[in-house]
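In: build me a model from this:
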Amino acid sequence: MKVSKGAMEAQNSQSTLEKLLHSFERYYNVRTDDLAAPFSATAEFHSHSEQYFLVKSARLAEVDSNEYVYFIEEKELSSSRFSELSSLAWERGLAGVRPHSTHRNSDVTLIIISEKIVPDTLRQIKKCNLHKSYKFGFYGWSNLRIMAYETSTGRTVTNRYASDLKKLAGTL
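Out: A predicted model of the protein is given here:
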């Protein structure tokens, strides 16, 4: 049976997404149903930790940390499409942020799986630097983390906030 190149690339993109989602399932709440377009899947992580002295009523510190991850599959990623996707993920991620005195950070992560990434877009991804502080950082901050994976070459590009995600792409 002969399979067309387009079907192989689509299958490759889909299997890459499945591997990524599987790696996120352990610590994140992953959703693939009832999503607003254009994202293929979303994942959320919420962490609350406390430090106390001898008894729980003598709290020293509380810290809340959140992450909102958006996954998307693209045939070809152009600069204009990247700008659209990054601003959409940033807006939707910030909509879930509730800054307060124990809030540390709420990061928004965009993971793009594309068959081809235009060379200008690679530079744009590396330079993307969206950051927001709440009450001068006393109520925490948010960063936009971006990873783009090109399935045709296996190349991974991240911005400076997402450099730790390159390790994840190495498993694909």
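In: most remote residue from the protein's center?
Out: For the chain, the C-alpha farthest from the mean C-alpha position belongs to residue 54; by C-alpha atoms, centre = their mean, that distance is 37.9 Å.
In: which pLDDT value goes with it?
Out: pLDDT, residue 54: 78.
In: helices and strands around the helix or strand where residue 62 lies, which ones?
Out: Take DSSP states H and E as the rule and residue 62 turns out to sit in strand 59-77. Strand 59-77 makes packing contacts with helix 5-24, strand 41-52, helix 79-95, strand 103-117 when contacts are defined by 3 or more C-beta pairs under 8 Å, 6 or more residues apart in numbering; DSSP states H and E. The way it works is simple: take the backbone N, C-alpha and C, and place the C-beta from them, glycine included.
In: helix or strand for the residue farthest from the centre of the chain, which one?
Out: When elements are assigned from DSSP H and E, residue 54 belongs to no helix and no strand.
In: could you check how far it is from residue 102?
Out: Taking C-beta to C-beta, to the nearest Å as the criterion, residue 54 is separated from residue 102 by 20 Å.
In: ok, back up a step: pairing partners for the strand holding residue 62, with directions?
Out: With DSSP bridges as the criterion, the sheet partners recorded for strand 59-77 are strand 41-52 (antiparallel), strand 103-117 (parallel).
In: out of those, which is the most enclosed?
Out: The highest mean neighbour count among the strands paired with strand 59-77, using mean count of other C-beta atoms under 10 Å, belongs to strand 103-117: a mean of 22.
In: start to end distance for stretch 112-132?
Out: Terminal residues of stretch 112-132 lie 22 Å apart, using C-alpha to C-alpha, to the nearest Å.
In: what's that stretch in contact with?
Out: Counting by C-beta atoms under 8 Å, 6 or more residues apart in numbering, stretch 112-132 makes contact with 9, 13, 16-17, 20, 71-79, 82-83, 85-86, 90, 94, 141-144, 146-152, 155, 157-161, all of which sit outside it.
In: picking up where we left off before, Throw the strands paired with strand 59-77 into CSV and include distance to residue 25, thanks.
Out: Supplementary listing: those in CSV, determined by distance: least, C-beta to C-beta, whole Å:
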stretch, distance to residue 25
strand 41-52, 8
strand 103-117, 14
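In: no further questions, thank you.
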